[in-house]
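structural data only, the sequence is not supplied:
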């Protein structure tokens, strides 16, 4: 078994582990000097903490309990939660609409630039003649819709 880390040793001292694991860790701690030292350090720290807090006195006998929320409080919280969900849904819907609009605008710019470039390329040429010669137009654009290269071949 590997040595225990500080958190595992603290869980062992505090009794926060199941009995089977506790038995395995006890066997390891008794056989490992490093884990024994770490365990003793943790116990010394707990002892020091208790000694430091002892002069402050005991805890008050009657600690006031928090008021149990009534039906009205629960209804208000439920309404606030429902409102929060509605606002979140509205924000998500608005973001979705904005994305769609921006994509459509980008496509529109792209097609406008392509149409403009196409008109410029075939300005002086006859389309029937281009078709008979089997000529094609190639237009390369970037993501913003700006024409990078265009030609007829």
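Structure received. What you see is a predicted model; the values in this text were computed from it and never measured.

for residue 130, what are its contacts?
Counting by Cβ atoms under 8 Å, 6 or more residues apart in numbering, residue 130 touches 122, 152. From N, CA and C alone the C-beta is placed, and that goes for glycine too.

can you tell me the SS state at it?
Classification of residue 130 by DSSP: H, G, I helix; E, B strand; the rest coil places it in helix.

show me the shaky parts of this protein.
Flagging of the chain using pLDDT under 70 yields the residue ranges 57-76, 106, 109-110, 153.

surely residue 11 forms part of a helix?
Yes - assigned with three-state DSSP, residue 11 falls within a helix.

just the buried positions in the host helix or strand of residue 140, please.
Counting by DSSP states H and E, the element that carries residue 140 is strand 137-141. For strand 137-141, burial by neighbour count (16 or more other Cβ atoms under 10 Å) applies to 139, 141.

that one: partners in the sheet, and parallel or antiparallel?
Using DSSP bridges, the strands paired with strand 137-141 are strand 147-152 (antiparallel).

so which residues make contact with the strand it pairs with?
Contacts of strand 147-152 (Cβ under 8 Å, 6+ apart): 113-114, 117, 121-122, 125, 130, 135-142.
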